[in-house]
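Predicted model and sequence follow; I will ask about them next.
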Amino acid sequence: MSSTLDTLQQAVGLLLSFDYKVWSIILVSFTVSAKALGLCLIPAISAGFVLAQGRFPGRHTLIALFQTLQAIPTVVVGLMVYLLLFRQGPMGDLRWLFTQNAMVMGQILLATPVLVSTSYAAFAGGDWRAWETARTLGASKLRAFLTLCHELRVPLMVAIIAAFSRIITEVGSSMLVGGNIQNLTRNMPTAIALETSKGEFAQAAALGMVLVLLALLLNFSLSALRGKQEHRHRG
């Protein structure tokens with residue numbers, strides 16, 4: 001028990017003292033995942049909207065495909081990206097392997113199916129009166145789309161949080177295409193795996209605390225947003 005408490009105290013100390021190694025790992029994690037989410041957010045939500053509104057051949061196949069892709073193991077996605085980026089691969093000339101760009105690419109492939117599937121569910125189950133009203137008043141399709149997104153902001157935030165949670169905690173893809181290089185591609189999950197295997201639990205615990213606090217912050221923010229929406233509807 002005392003050993004565990006000592007480890008936790010050391011972990012807190014690393015965070016509060018702004019230990020360079022720990023905070024550089026945290027920075028890599030947030031930088032890579034924020035870039036990946038930012039690059040795929042608008043295309044993926046737009047795709048969810050098209051799948052909910054459109055009626056075209058192959059629509060149900062696409063919906064099933066995106067739903068299936070959510071379950072692909074992260075290491076398989078990492079392998080796919082590795083095969084694209086290694087020196088003799090079709091994208092080898094980019095020299096992205098073992099860089100943050102490769103990690104971003106892998107995380108985009110992981111986040112996109114989650115965003116598309118959950119935003120599709122949000123649009124398919126949402127109230128389309130906001131869209132219809134906006135269009136009736138002469139708004140463009142883009143303006144009506146933005147109005148609908150505002151009305152469905154809570155389920156869309158759920159989609160964004162689900163996608164971000166998927167990529168900020170993934171290990172397989174980042175380890176394979178990033179190489180776990182210190183101060184460059186070592187993120188929180190890969191660092192936790194490495195430090196635990198070395199028996200260095202303090203740094204792993206510190207990074208685990210950050211992930212837990214992040215999960216709590218995201219969930220509290222979502223609960224507050226839901227509460228505001230319910231209060232507005234009652235009013």
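All right, it came through fine.

Which element, helix or strand, includes the residue nearest in space to the middle of the chain?
Per CA atoms, centre = their mean, the C-alpha nearest to the average position across the chain is that of residue 164, at 2.1 Å. Secondary-structure assignment from DSSP states H and E places residue 164 in helix 153-168.

List the buried residues for that helix?
Of the residues in helix 153-168, those scored as buried under the neighbour-count criterion (16 or more other CB atoms under 10 Å) are 155-168. Heads up, the C-betas are built off the backbone N, CA and C, glycines and all.

quick one, the helix or strand of the chain with the lowest mean pLDDT and helix 153-168 angle?
Every helix and strand of the chain was ranked by mean pLDDT, DSSP states H and E. The lowest is helix 201-234, at a mean of 83. Angular relation of helix 201-234 and helix 153-168 on a 0 to 180 degree scale: 170 degrees, by axes from the mean of the first three to the mean of the last three CA atoms, to 10 degrees.

Specify which member of the buried residues of helix 153-168 is nearest to residue 61.
Distance from residue 61 was checked for each of the buried residues of helix 153-168 by CB to CB. The minimum falls on residue 159, at 21.0 Å.

name the helices or strands packed onto the helix holding residue 164?
For helix 153-168, the contact count by 3 or more CB pairs under 8 Å, 6 or more residues apart in numbering; DSSP states H and E identifies helix 20-53, helix 100-124, helix 201-234 as packing neighbours.

So for it, mean pLDDT?
Confidence for helix 153-168, expressed as mean pLDDT, is 92.

contacting residues around it?
Identification of contacts with helix 153-168 by CB atoms under 8 Å, 6 or more residues apart in numbering yields 29-30, 33, 36-37, 40-41, 44-45, 48, 107, 110-111, 114-115, 118-119, 121-122, 125-126, 149, 188-189, 211, 214-215, 218-219, 222, 225-226, 229.

now those: which count as buried?
Under a neighbour-count criterion of 16+ other CB under 10 Å, the subset of the contacts of helix 153-168 counted as buried comprises 29, 33, 36-37, 40-41, 44-45, 48, 107, 110-111, 114-115, 118-119, 121-122, 126, 149, 188-189, 211, 214, 218.

Right, I'll leave it there.
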